[in-house]
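In: Fold the following.
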Amino acid sequence: MIGYQLTTEAQNDLEAIAEYIAVEGSVERAIRVLSEFRDAFRKLAEMPGMGHFREDLLDQRYKFWSVYSYVIA
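Out: Purely as a prediction, here's the structure:
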């Protein structure tokens, strides 16, 4: 299994997302969303070519992948 490593900023973003969902929705939903993020990170680590380019960005080094209404770059 190929692993992944998040930056401190990305980890902080995930924690903020989970906290927001837990407060506004439910703890169970926050856990589910975090699980979906981790699944997406694993898939992207295994197949880094997945995702799509954004036409509005000239730098083609970046691809994007959505998890619910959030975007992984």
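
In: pLDDT on the longest helix anywhere in the chain, on average?
Out: Among all segments of the chain classified by DSSP state H, the helix with the greatest residue count is helix 27-46. The pLDDT scores in helix 27-46 average 96.

In: same question, stretch 53-67
Out: Model confidence over stretch 53-67 averages 84 on the pLDDT scale.

In: what about dumping the CA coordinates of it to CSV?
Out: Coordinates of each C-alpha in stretch 53-67 appear next as CSV, following Å, rounded to 0.1, in the frame of the first residue of the first chain:
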residue,chain,number,x,y,z
PHE,A,53,-6.9,20.3,-14.7
ARG,A,54,-8.5,23.7,-14.2
GLU,A,55,-8.6,25.8,-17.3
ASP,A,56,-8.4,29.0,-15.3
LEU,A,57,-5.0,28.0,-14.0
LEU,A,58,-2.0,28.2,-16.3
ASP,A,59,0.2,25.9,-14.1
GLN,A,60,-0.6,22.4,-15.3
ARG,A,61,1.5,20.8,-12.5
TYR,A,62,-1.7,20.8,-10.4
LYS,A,63,-4.7,18.5,-10.7
PHE,A,64,-7.8,18.7,-8.6
TRP,A,65,-10.0,16.1,-7.0
SER,A,66,-13.3,16.7,-5.2
VAL,A,67,-14.5,15.2,-2.0
